[in-house]
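Undergrad: Model the following, please.
(one chain, ligands or ions: 1)
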Amino acid sequence: MSKTAQAAPAEAVRAIPAKAAAEIADVSLRLVSEADRIDDAAWVAAARSAWAELPAVYRREIGSFRRHSGPSGAVVVRGLPVDEQSLPATPMAGGSVQRAPTAAAALLVMTACGLGDPAAFLAEKSGALVQDVVPVPGQEYFQGNAGSVDLMMHNENAFHEHRPDFVMLLCLRPDHEGVAGLSTASIREALPKLSDRAVDCLWQPEFSTQPPPSFGSPEDGPVRHAVLTGTPEDPDIQVDFAATTGLTPAAREALAELSDGLVAVARTVRLRAGDLAIVDNRVCLHGRTAFRPRYDGRDRWVQRTFAMADLRRSRAFRTDDGYVLVR
Ligand SMILES: [Fe+2]
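TA: Reported below is the predicted structural model:
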């Protein structure tokens, strides 16, 4: 077991009582038959309405995380209704997404409505609100959701002005050996470990973050940004250690110190079937430890949905006031 796994505190995992899990399963199954497509506005509206029918113990948990994600900026809700035995084979194709409603998709979209509103990016996974995070043959070394080597710590869509506020990861099936860990690290916990010099530098717009190729390259190159923004005592963070560069020697030094500080506070959780991890993408980074896919239909299968706390802010990036950001 790694040092970071031992450091994971008990409060990071919140167990849902079996009776509440059964009620969540009932509401989810009812929602499955409400429309043919997850991405229909009508189905999302039905999910928003169904959210109100979920047991109070679950809504309370999500509501309190939405208001304040705590020092770690992440939570794992354990014991949600996922029946691993009745699942189909884990998808293997690149860009795999869910289009037809399932109980798992219902749970993700209802929860997104509890955190804010679901959202997706047209350039990523064809704009589907519920996406499969699965290992893809030939992409083992890819620094993204299709890979299986160590995935470096990042804010989701760090380059984007309207990156998601919350990233939800629902584990349907763990990896064969149970070694893939979701790592999270929050700036709230790392900040006190950094030197004043590094912190001062991280507030300056001396960094740039490369978008993935699917988003196209803006003609004038990546935008310069600060890594820390907001209020000094509880800042937001914007960084992807696979895509962010410091534009000056001081910025590169500060980035290296930040990386060490985040590693020192990182927590690693090995997700089980029925675990829903929620990461507050404004203050917390995430990554994944390596695992070995077998491509036998029983590989690790996580489903992902993003939530925006204030969908209105990205209105200019969406057509027809839908849930997909087109740029
Ligand atoms: Fe990610």
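
Undergrad: Quick check: which element contains the closest residue to A180 other than its chain neighbours?
TA: Of all residues not flanking A180 in the chain, F291 sits nearest, at 3.8 Å (Cβ to Cβ, 6 or more residues apart in numbering). (Each C-beta comes from the backbone N, C-alpha and C, glycine too.) If you go by DSSP states H and E, F291 is not part of any helix or strand.

Undergrad: Run through who's touching the longest helix anywhere in the chain.
TA: Ranked by residue count and defined by DSSP state H, the top helix of the chain is helix 249-265. Residues outside helix 249-265 that contact it (Cβ atoms under 8 Å, 6 or more residues apart in numbering): 4, 153, 185-187, 189-191, 193-195, 197-199, 201-202, 204, 206-207, 227, 239, 241, 244-246, 285.

Undergrad: what ranges do the strands span in the stretch 101-250 of the chain?
TA: With DSSP state E, counting those that start in this stretch as the criterion, the stretch 101-250 of the chain has strands at 117-121, 130-133, 151-154, 166-173, 182-186, 207-209, 224-225, 228-229, 236-237, 244-246.

Undergrad: neighbouring strands for the second one, and are they parallel or not?
TA: Strand 130-133 has its sheet partners listed here by DSSP bridges as strand 97-98 (antiparallel), strand 301-308 (antiparallel).

Undergrad: Which of these has the highest mean neighbour count?
TA: Greatest average neighbour count among the strands paired with strand 130-133 goes to strand 301-308 (a mean of 25), per mean count of other Cβ atoms under 10 Å.

Undergrad: Can I get that one in CSV, CA atoms only?
TA: In CSV, the C-alpha atoms belonging to strand 301-308 read as follows (Å, rounded to 0.1, in the frame of the first residue of the first chain):
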residue,chain,number,x,y,z
TRP,A,301,-15.5,0.9,-15.6
VAL,A,302,-16.2,4.3,-14.2
GLN,A,303,-19.0,6.6,-15.5
ARG,A,304,-18.4,10.3,-15.4
THR,A,305,-20.7,13.4,-15.3
PHE,A,306,-19.7,17.0,-14.8
ALA,A,307,-21.8,19.6,-12.9
MET,A,308,-21.8,23.4,-13.1
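
Undergrad: outside of it, which residues touch it?
TA: Applying Cβ under 8 Å, 6+ apart, the contact partners of strand 301-308 are 87, 90-91, 98, 104-105, 108-109, 111-112, 115-120, 129-134, 145, 156, 162, 164-173, 271, 314.

Undergrad: ok, 7 Å please
TA: If you take Cβ atoms under 7 Å, 6 or more residues apart in numbering as the criterion, strand 301-308 is touched by 90, 98, 104-105, 108-109, 112, 115-120, 129-134, 156, 164-173, 271, 314.

Undergrad: again with stretch 233-247
TA: With Cβ under 7 Å, 6+ apart as the test, stretch 233-247 has contacts from 143, 152-155, 158-159, 187-188, 206-210, 224-225, 227-230, 252, 254-255, 259, 282-283, 285.

Undergrad: can you map out the helices along the stretch 101-250 of the chain?
TA: Taking DSSP state H, counting those that start in this stretch as the criterion, the stretch 101-250 of the chain contains helices spanning 103-115, 187-190, 196-202, 249-265.

Undergrad: Show me the one of the ones you listed that comes nearest D296.
TA: Shortest separation from D296 across these is recorded for helix 103-115, at 20.7 Å, computed as Cβ to Cβ.

Undergrad: Around F121, count how many other residues there are.
TA: Neighbour count for F121, taken as other Cβ atoms under 10 Å: 23.

Undergrad: Show me the beta-bridge partners of it.
TA: Beta-bridge partners for F121, by DSSP bridges, are L325.

Undergrad: residues contacting it?
TA: Residues in contact with F121 (Cβ under 7 Å, 6+ apart) are 127, 157, 325.

Undergrad: Counting neighbours, which of those residues comes out on top?
TA: Highest neighbour count within these: L325, with 26 neighbours (other Cβ under 10 Å).

Undergrad: sorry, back to before: kindly give a single PyMOL line that selects the buried subset of the contacts of helix 249-265.
TA: To isolate in PyMOL the members of the contacts of helix 249-265 that are buried, counting by 16 or more other Cβ atoms under 10 Å, one can use:
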select buried, resi 4+153+185+186+187+189+190+191+194+198+199+201+202+204+206+207+227+239+241+244+246+285
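
Undergrad: Brilliant, that's me finished.
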